[in-house]
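**Q** Sequence plus predicted model, see below.
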Amino acid sequence: EDQVTQSPEALRLQEGESSSLNCSYTVSGLRGLFWYRQDPGKGPEFLFTLYSAGEEKEKERLKATLTKKESFLHITAPKPEDSATYLCAAYSGGYQKVTFGIGTKLQVIP
Amino acid sequence: DAGVIQSPRHEVTEMGQEVTLRCKPISGHDYLFWYRQTMMRGLELLIYFNNNVPIDDSGMPEDRFSAKMPNASFSTLKIQPSEPRDSAVYFCASSLTGPTYGYTFGSGTRLTVV
């Protein structure tokens, strides 16, 4: 059974304090690794797709990286507006099989 | 485009009652997904449609759950009879080509069964 595990469950940072979120995955035949952002009371918002180990994607203060077993979401000099829950998901192909992690709730304090 | 539209935003119902959740996907998107989100289990896929046809309903927890997509612009998720353990946030999402370029989620329906 495919599994996606995210850590930590919650992270509190001071504004400007860089850090990383972790996503470990166990899937048969990874076809894509996704990151989403979810604000309270809203649906997840798509951020990135990573396809193969070594790939990196960037968007503003966020950079996602992928290895054969993990993905990291690096947040550089975060701002309060980066506060949200970040979800990781793995796509193992065949009938839209996407497995989501529980998420990391990030709080950035001014 | 207004995005994926779900209604109602909140639903409180008594155990045993029928509940119907509604979704309007983004025009032109061929895939529609129903997800359920809870604190303990996160996002779980219930069912998805491709070109209005149900493809995989293996995530539907019980026969009490049913979903339809009568046309490209409308889908429903029905729970009959509802139970307290069905309390969760239900999301509808749509996609043009599948997961690779991301799903667009609606704002969800928060269901509380008392």
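**A** Perfect, I can see it now.

**Q** going forward, measure contacts between C-alpha atoms and count neighbours the same way
**A** Will do.

**Q** what's the distance between A:Ile102 and chain B?
**A** 5 Å (Cα to the nearest Cα, to the nearest Å).

**Q** so where does that residue fall, helix or strand?
**A** A:Ile102 belongs to no helix or strand when assigned by DSSP states H and E.

**Q** What residues does the closest residue in space to it that isn't next to it in sequence make contact with?
**A** Spatial nearest neighbour of A:Ile102, excluding adjacent residues (Cα to Cα, 6 or more residues apart in numbering or on different chains): B:Gly42 at 4.7 Å. B:Gly42 is in contact with A:Phe100, A:Gly101, A:Ile102, A:Gly103, B:Arg36, counting by Cα atoms under 8 Å, 6 or more residues apart in numbering or on different chains.

**Q** what are the bridge partners for B:Gly42, then?
**A** For B:Gly42, the residues forming beta bridges with it (DSSP bridges) are B:Thr38.

**Q** isn't A:Glu56 right up against A:Ser71?
**A** No: in this structure A:Glu56 lies outside contact range of A:Ser71 using Cα atoms under 8 Å: 9.7 Å.

**Q** low-scoring stretches of chain B, by residue?
**A** By pLDDT under 70, the low-scoring segments of chain B are B:1.

**Q** Would you mind listing what in it touches chain A?
**A** With Cα under 8 Å from any Cα of the partner chain as the criterion, chain B meets chain A at residues B:39-44, B:55-56, B:91, B:98-108.

**Q** Now the buried members of these.
**A** By neighbour count, with 16 or more other Cα atoms under 10 Å in any protein chain shown, those hold B:42-44, B:56, B:91, B:98-100, B:102-108 as buried.

**Q** Spit out the contact partners of the residue positioned nearest the centre of chain B.
**A** Nearest to the geometric centre of chain B sits B:Trp34, at 3.1 Å (Cα atoms, centre = their mean). Residues in contact with B:Trp34 (Cα under 8 Å, 6+ apart) are B:Leu45, B:Leu46, B:Ile47, B:Tyr48, B:Leu77, B:Tyr90, B:Phe91, B:Cys92, B:Ala93.

**Q** Repeat the analysis, applying 6 Å as the threshold.
**A** Neighbour list for B:Trp34: B:Leu46, B:Ile47, B:Phe91, B:Cys92 [criterion: Cα atoms under 6 Å, 6 or more residues apart in numbering or on different chains].

**Q** you'd agree the third one is up against B:Tyr35?
**A** I take that to be B:Phe91. Yes: assessed by Cα atoms under 6 Å, B:Phe91 is found in contact with B:Tyr35 at 5.0 Å.

**Q** what residue ranges in chain A score low on pLDDT?
**A** For chain A, residues meeting the criterion pLDDT under 70 lie at A:94-95.

**Q** Would you mind listing what in it touches chain B?
**A** For chain A, the residues in contact with chain B (Cα under 6 Å from any Cα of the partner chain) are A:Lys42, A:Gly43, A:Phe46, A:Phe100, A:Ile102.

**Q** Can you identify each of the strands in chain B by residue range?
**A** Using DSSP state E, the strands of chain B run over B:5-7, B:10-13, B:19-24, B:31-38, B:42-50, B:53-56, B:65-71, B:74-79, B:88-95, B:104-105, B:109-113.
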